[in-house]
Each structure stands twice: as C-alpha cells, then as structure tokens.
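Visitor: Test case, fold it:
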Amino acid sequence: MTVNIYLDVHVPLAIADQLRRRGVEVLTAFEDDACELTDNLLLKRVTELGYVLFTQDIRFRVLAETWQVEGESFGGLIFGHQLGGTIGQFVRDLELIAKLSEPDEWINTVEYIPFK
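Guide: Residues are numbered from 1 along each chain as shown. So this is what the prediction gives:
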C-alpha cells in the first residue's frame, strides 16, 4: 500500500502536478472544496480520507504537534517551510514517502522535509 498525499492551500500546484506524473495519489484542498475549512477541521478531514497532509503553513505544524501532546489522533503531517527547499526537493521527498512508507506509519507523526 502507498501513502496518499493531501496538499493544503499553501502548497504550489506544481507539486501536485509533478507528484501525479510520478504516480502518486494526490488530493488538494482546492479539489476537495475544503479551502475555507479551519485548520482543525481540515486536519480531521484529511485523516478521515486516509491521507497524510503536506503543508507549508507553520500553524498546521504547531497544530499537529499540539495534537501529539494532547493525544488527539491524526493521519500524519509533513511540513516543508516555503524557503526550506525547492519544488523539486519537495516532490522528490514526497514521492519517497508515498512509495516507500505505509499509511499506518504516519498516524500521529510530524515530519519535516526536505530530507538532508
């Protein structure tokens, strides 16, 4: 099984396009009509759909880390700072995650990319 990646509104659509060309299942907040959801509701939605959220919004990272401490379950979060890497680096690392890990490995996990 592979990991499905959900992109929030802060992620460039070029990342979704490149991941799809590489065979990764991707859903964006735009495609899901979820652009107006609060961060809490979006993280819950992504979890219900069985996806791992990729974001470049530091508030999401803080929310997920807070949920870890509070014991609130979520499907996983991958954080990539907008100035921390290139689109190519993010695509490469997300493809690795999608193809080489399992969804259950991501439950309640926060990971930072790009990998060094």
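
Visitor: can we go C-alpha only for contacts and neighbour counts from here?
Guide: Fine.

Visitor: how much space between Phe115 and Asp33?
Guide: As judged by CA to CA, to the nearest Å, Phe115 and Asp33 stand 30 Å apart.

Visitor: Same check on Tyr6?
Guide: 12 Å.

Visitor: A strand includes Ile78, no?
Guide: Yes - counting by DSSP: H, G, I helix; E, B strand; the rest coil, one finds Ile78 located in a strand.

Visitor: Between Phe115 and Asp33, tell me which one has more neighbours.
Guide: Phe115 (12 against 9; other CA atoms under 10 Å).

Visitor: and the more buried one, what is it in contact with?
Guide: Counting by CA atoms under 8 Å, 6 or more residues apart in numbering, Phe115 touches Asp93.

Visitor: how about Phe54, secondary structure?
Guide: Applying three-state DSSP: Phe54 is strand.
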